[in-house]
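# the sequence and its predicted three-dimensional model are supplied below.
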Amino acid sequence: MAKKTLKKGIFITFEGPEGCGKSTHSKLAANLLKKEGYEVIYTREPGGTKLGNRIRETLLNLKKIDIPPLIEMLLFEASRAALVKKVIKPALLKKKIVISDRFNDATHAYQGYAGNIPLKDIYKVETACLGGIKPDLTIILDIDVKAGLNKTRRSKRDRMESKKLSFHKKVRKGYLAIARRDKKRVKVIRTKKTKRETFKEVKHEVLNVIRRYKRAG
């Protein structure tokens, strides 16, 4: 199959509360587009680079370390800055599709709305880290907080998943606030009973944004 070309690089991000299925559906979307003949780069946050993976170990796996919200935010942004510079920006310049399991909306929801760091302070740091990069489409997979956490194994929860229920409720409210603020970019999809039903809606939104920038022929 000949590679399909685009007018510009397309950046798609997946977000949502814990257990929403964003990792599953972002991978399904990447595989779908690859089968359609597009060049796709798949990545995740935190991570995606050698530096980002080290930061990920600290942020998610080391539960015994106390990391205040401000420090969390700065570590996430450091990982993001490396990912933008090393992976996302070069791929978009080559008119590829980049799909990321989380991006900057996660920092707004987790460290901003739930961690009580003023969003204006996060925006200031982001200005230096994002390099003008903004997703063309963000899919927020919405799920009841308790239902989502029940999908994660209690014994294997990472630092973020292990936070209090009240924290995760604030995260969900934050994501919904983000969606209300940016309806053109952000699409909220309520998770359905089956993965297939949910992905049907995900596929619709993903193909819609691809059609906008698809070259004729």
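Structure received.
# list the contacts of the spatially most central residue of the chain.
A centroid search over the chain (Cα atoms, centre = their mean) returns Arg102, at 1.6 Å, as the residue closest to the centre. Contacts for Arg102 (Cβ atoms under 8 Å, 6 or more residues apart in numbering) come out as Thr13, Phe14, Glu15, Lys22, Arg44, Glu45. (Each C-beta comes from the backbone N, C-alpha and C, glycine too.)
# next one, pLDDT for the nearest residue to Thr191 once chain neighbours are set aside please.
In space, and not counting its chain neighbours, Thr191 is closest to Ile143: 4.7 Å by Cβ to Cβ, 6 or more residues apart in numbering. With respect to pLDDT, Ile143 has a value of 97.
# can you tell me how far Asn150 is from Asn61?
Noted for Asn150: a distance of 21 Å to Asn61, by Cβ to Cβ, to the nearest Å.
# higher neighbour count, these two?
Ranked by neighbour count (other Cβ atoms under 10 Å), Asn150 and Asn61 place Asn150 first, with 13 against 10.
# so what's that one up against?
When contacts are counted by Cβ under 8 Å, 6+ apart, Asn150 touches Gly19.
# could you do Gly52 as well?
For Gly52, the contacting residues are Glu45, Pro46, Ser79, Arg80, Ala82, Leu83, by Cβ under 8 Å, 6+ apart.
# from those, which ones fall inside helices?
Judged by DSSP state H, helices contain the following of those: Ser79, Arg80, Ala82, Leu83.
# number of nearby residues for the second one?
Other residues within reach of Arg80 by the criterion other Cβ under 10 Å amount to 28.
# tell me which residues of stretch 145-152 are tucked away?
By neighbour count with 16 or more other Cβ atoms under 10 Å, stretch 145-152 contains the buried residues Val145, Gly148, Leu149.
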